[in-house]
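Visitor: Structure for the following, please:
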Amino acid sequence: MALRPPGYLQAIDPGQDTHSRERMNIRPAVPDDAMGVARVHVRAWQVAYRGLMPDDHLQGLRPEDRARRYDFASLDPARPRTLVAIEADSILGFATISPARDEDAAGQGELCALYVEPDCWGRGIGQALAPVARAELYRLEFRHAVLWVVAGNAPAERFYRADGWTPDGSHRPHRDGNVTVETARYNRALVE
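Guide: Reported below is the predicted structural model:
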């Protein structure tokens, strides 16, 4: 998919009719998107990580807390960038990219997050976000990328494998508040 100028990207949602496809767009996040992104982030965690993280931890997640962590105003290429999938002024999903944070992946990009509102799962929103995120990493001159998946998250593992990512054998714990989960790293080449 060819990228439009950095301020506006359009994606096709293969699960929708032609009229809906024209309405779903992917664009860079702006500061006013923080709460919408946080709502998707929290809801996606609460559904996707049920059984992988304690229920009380997931129920205690608050969009207000998550939104304070985001910096959608920075233009620094070393900082994370977030792309949002929007339909009818609602954020349906997002993808966050950055330079890889792991020392052994220096010089690579990273897909730090890709989450979709659970009520919209199965509509192709993740399938629309993933190639745009990869294309943006490529535009930033990365030719390989990594991502981390919570161990046991079979739907995410299937999604990323179908998108061309493969496990590279690296594992590490990920801590969120008082909860620690095991994660596995995936990688893939980025192509134009």
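
Visitor: which SSE is Arg175 in?
Guide: strand 166-176 (DSSP states H and E).

Visitor: For that strand, output the C-alpha coordinates as CSV.
Guide: Only the C-alpha atoms of strand 166-176 are listed here, as CSV (Å, rounded to 0.1, in the frame of the first residue of the first chain):
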residue,chain,number,x,y,z
THR,A,166,8.0,-15.2,13.0
PRO,A,167,9.1,-16.0,16.5
ASP,A,168,12.9,-15.4,16.9
GLY,A,169,13.3,-17.4,20.2
SER,A,170,13.7,-14.3,22.5
HIS,A,171,11.5,-14.2,25.6
ARG,A,172,11.3,-11.7,28.5
PRO,A,173,9.0,-10.7,31.3
HIS,A,174,6.8,-7.7,30.8
ARG,A,175,5.7,-5.8,33.9
ASP,A,176,2.5,-3.8,34.1
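
Visitor: thinking Thr180 is in contact with Ala151, fair?
Guide: No - judged on Cβ atoms under 8 Å, Thr180 makes no contact with Ala151 at a distance of 11.3 Å. (Glycine included, C-beta is placed from N, CA and C.)

Visitor: and the two? which has more neighbours close in?
Guide: Ala151 (14 against 11; other Cβ atoms under 10 Å).

Visitor: So for the more buried one, what pLDDT did the model give?
Guide: Looking at Ala151, its pLDDT reads 95.

Visitor: Excluding sequence neighbours, find me the nearest residue to it.
Guide: Glu182 (4.2 Å; Cβ to Cβ, 6 or more residues apart in numbering).

Visitor: In contact with the one you found, which residues?
Guide: By Cβ atoms under 8 Å, 6 or more residues apart in numbering, Glu182 lies in contact with 150-151, 171-174.
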